[in-house]
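K.L.:
no sequence for this one, just the structure:
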């Protein structure tokens, strides 16, 4: 085992576990990642990594796929017993399509073929950690909502009583507002008409700020945090949003429901984004479906050039503001079938 001390890392520092039986690769990773402020533990074998994971909590793991004692995917499964939300990047000198697909099914964030460029590796690590931070933030928000719900369920009688008093005051305020709303219908010596139902008042007011429905969007991503974030942002912009979490489910959904726009991740289980794009191009009914790619995968210049010929836009997670997705959709809104009359 080799551990590299860091000099005053910039807080907060992510903890990384590097597992590779090649000393040169291991030393290169430790040096490069340490220089960026990450806290690194480097192991030579799967058994060492598992023992370390029992006592330490890691944010990300860089794993060599082919090791003598246990392969990288088996190691990832074992480590997740102790750190369930760890994000993993797999490294291998013998890349193949089947292994790539199996890695994605296991929830691996990305797949680096040796020898890899150091800048590519560092960008991939940064994107993986950004995706994890988003997932953890969403989980914290869900937990906060759960705790608030429990608090309300176990409120004391006195607290419930005080809330009832507030509700009574709101009701009196509602009656006053009803009277104000009814002023145009009054005349001298005439009694006010029946007050408007307060729920109807709220409903009418909410409609004033509701944006018109623009189009239907299908979000395809295996990360629930990304789906929830996009649904929140796009719904507020007036889009109707649906979602699926893998490539096979995408093609099944498109057989019965064609959206106006498809937001597509590239690294997914079952069928990846490139395979989904191939299937769309082969289907005359779907080949003109507008697609925007939203991915954390590092794209080479050649891959970007190929994608730009097939999609409306490419948005990189962690590198581009996710509002860029909204900008692309709004720019191409004229091509949607379900636009509002406006």
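P.N.:
Good, I have the coordinates. Quick caveat: nothing in here was measured; it's all calculated off a predicted structure.
K.L.:
since we're on the closest residue in space to residue 240 that isn't next to it in sequence, how many residues are nearby?
P.N.:
Spatial nearest neighbour of residue 240, excluding adjacent residues (Cβ to Cβ, 6 or more residues apart in numbering): residue 216 at 4.7 Å. The C-beta positions use only the backbone N, C-alpha and C, and glycine is treated the same way. Look at residue 216: counted by other Cβ atoms under 10 Å, it has 17 neighbours.
K.L.:
Can you list the low-confidence ranges for the stretch 1-150 of the chain?
P.N.:
1-12, 95-97, 99-100, 140, 142-150 (pLDDT under 70).
K.L.:
Start from the N-terminal end of it and give the helices.
P.N.:
Applying DSSP state H, counting those that start in this stretch to the stretch 1-150 of the chain gives helices spanning 23-34, 46-55, 72-79, 97-105, 118-153.
K.L.:
With the stretch 201-342 of the chain instead?
P.N.:
Under DSSP H, counting those that start in this stretch, the stretch 201-342 of the chain gives helices at 224-236, 247-256, 273-282, 301-308, 323-331.
K.L.:
Quick check: which helices or strands does the shortest one pack against?
P.N.:
When contacts are defined as 3 or more Cβ pairs under 8 Å, 6 or more residues apart in numbering; DSSP states H and E, helix 301-308 packs onto strand 313-316.
K.L.:
what mean pLDDT would you report for the strand it packs on?
P.N.:
The average pLDDT for strand 313-316 rounds to 84.
K.L.:
again with stretch 265-277
P.N.:
Rounded mean pLDDT across stretch 265-277 is 86.
K.L.:
now the end-to-end length of it.
P.N.:
In stretch 265-277, first residue to last residue: 11 Å (Cα to Cα, to the nearest Å).
K.L.:
Name the residues that touch it?
P.N.:
For stretch 265-277, the external contacting residues (Cβ atoms under 8 Å, 6 or more residues apart in numbering) are 100-101, 104-105, 107, 109-110, 220-223, 226, 245-251, 264, 279, 291, 293-297, 310-311.
K.L.:
try it again with 6 Å
P.N.:
104-105, 220-222, 246-248, 250, 264, 295, 297, 310 (Cβ atoms under 6 Å, 6 or more residues apart in numbering).
K.L.:
what's the answer for stretch 316-332, then?
P.N.:
127, 130, 237, 261, 290, 292, 296, 312-313, 315.
K.L.:
which parts of it are buried?
P.N.:
Residues 316-317, 325-326, 328-329, 332 are the ones in stretch 316-332 that count as buried (16 or more other Cβ atoms under 10 Å).
K.L.:
Now the two most distant members of those residues.
P.N.:
Within the buried residues of stretch 316-332, 317 and 332 form the most distant pair, 20.4 Å apart (Cβ to Cβ).
K.L.:
How much space separates the residue nearest to residue 240 from residue 107?
P.N.:
In this view, residue 216 and residue 107 are 29 Å apart by Cβ to Cβ, to the nearest Å.
K.L.:
what's the closest non-adjacent residue to residue 262?
P.N.:
Nearest one to residue 262, counting by Cβ to Cβ, 6+ apart, is residue 291 at 4.6 Å.
K.L.:
what about the residue lying closest to residue 248 once chain neighbours are set aside, neighbour count?
P.N.:
In space, and not counting its chain neighbours, residue 248 is closest to residue 270: 4.3 Å by Cβ to Cβ, 6+ apart. Other residues near residue 270 come to 17 when the count uses other Cβ under 10 Å.
K.L.:
quick revisit: reformat the helices of the stretch 1-150 of the chain as JSON lines; add mean neighbour count and distance to residue 257.
P.N.:
Shown next, in JSON lines, are the helices of the stretch 1-150 of the chain (neighbours: other Cβ atoms under 10 Å; distance: least, Cβ to Cβ, whole Å):
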{"stretch": "helix 23-34", "mean neighbour count": "17", "distance to residue 257": "44"}
{"stretch": "helix 46-55", "mean neighbour count": "17", "distance to residue 257": "42"}
{"stretch": "helix 72-79", "mean neighbour count": "20", "distance to residue 257": "34"}
{"stretch": "helix 97-105", "mean neighbour count": "16", "distance to residue 257": "25"}
{"stretch": "helix 118-153", "mean neighbour count": "14", "distance to residue 257": "26"}
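K.L.:
Which residue ranges of the stretch 151-300 of the chain form strands?
P.N.:
216-220, 240-244, 261-264, 291-295 (DSSP state E, counting those that start in this stretch).
K.L.:
Compare the mean pLDDT across those strands and name the weakest.
P.N.:
Among the strands of the stretch 151-300 of the chain, strand 291-295 scores lowest, at a mean of 87.
K.L.:
Remind me what that one packs against, helices and strands.
P.N.:
strand 261-264, strand 313-316 (3 or more Cβ pairs under 6 Å, 6 or more residues apart in numbering; DSSP states H and E).
K.L.:
Just the buried residues of the last one, please?
P.N.:
Meaning strand 313-316. Under the neighbour-count rule (16+ other Cβ under 10 Å), strand 313-316 has 313-316 buried.
K.L.:
Contacts only, for the residue nearest to residue 262.
P.N.:
Counting by Cβ under 6 Å, 6+ apart, residue 291 has contacts 262, 264, 311.
K.L.:
what stretches of the stretch 151-300 of the chain score poorly on pLDDT?
P.N.:
In the stretch 151-300 of the chain (pLDDT under 70), the answer is 151-214.
K.L.:
Having no further points to raise, I will conclude here.
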